[in-house]
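A.B. asks: Would you be able to build a 3D model of this:
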Amino acid sequence: MCKLFEDWSDEIKAYCLTHNLSFEKAKKLSQCWGANFLALQYYDSEKGKAGLLDETPMPLVLLITQTADGLQFEETEHTRTYLAS
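C.D. replies: Numbering: from 1, shown residues only. Purely as a prediction, here's the structure:
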C-alpha cells in the first residue's frame, strides 16, 4: 500500500462514508501516486494477459490531490462502478 494512502486514510475513509463508497474496496484498488496526488485504479486480472501487446488501460476510479485547502477528491465515470457500497 502506498504511504500517501496510509497518511490520508482517515480523510479517504470519511469521503467514502460521506459519498456512499466502500473504503474496503478503495483499499484494494491499484494505486499510482506522485508528490501530491494519489490515483486509485481498477485492475482486472482477466485482461492484459498479453503483456505490452495488450493495451488494456486500468480505469481511473478516484483521483485524490493534496491542495493548500486539504485533500480534493475527483470522481470519474468509473467511481460508482468499482466503489459502490
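
A.B. asks: Next secondary structure element downstream of the longest strand along the chain?
C.D. replies: Using DSSP state E to define each element, the chain has its longest strand at strand 60-67. As assigned by DSSP states H and E, the chain's next helix or strand after strand 60-67 is strand 70-75.

A.B. asks: Strand partners (parallel or antiparallel) of that next one?
C.D. replies: In the sheet, strand 70-75 lines up against strand 60-67 (antiparallel) (DSSP bridges).

A.B. asks: So for stretch 12-24, what gets flagged as buried?
C.D. replies: By 16 or more other CB atoms under 10 Å, the buried positions in stretch 12-24 come out as Ile12, Tyr15, Cys16, Leu21. Any C-beta I mention is one placed from the backbone N, CA and C, and that applies to glycine too.

A.B. asks: Just the residues contacting the helix or strand containing the first one, thanks.
C.D. replies: Right, Ile12. Using DSSP H and E, Ile12 sits in helix 3-18. If you take CB atoms under 8 Å, 6 or more residues apart in numbering as the criterion, helix 3-18 is touched by 21-23, 26-27, 31, 33, 38, 64, 66, 70-71, 73, 83.

A.B. asks: does Phe73 really touch Leu63, like I thought?
C.D. replies: Yes: judged on CB atoms under 8 Å, Phe73 makes contact with Leu63 at a distance of 7.4 Å.

A.B. asks: Can you give me the distance of the spatially most central residue of the chain to Tyr82?
C.D. replies: Nearest residue to the geometric centre of the chain (CA atoms, centre = their mean): Leu40, 1.8 Å. As judged by CB to CB, to the nearest Å, Leu40 and Tyr82 stand 9 Å apart.

A.B. asks: I am finished for the moment; much appreciated.
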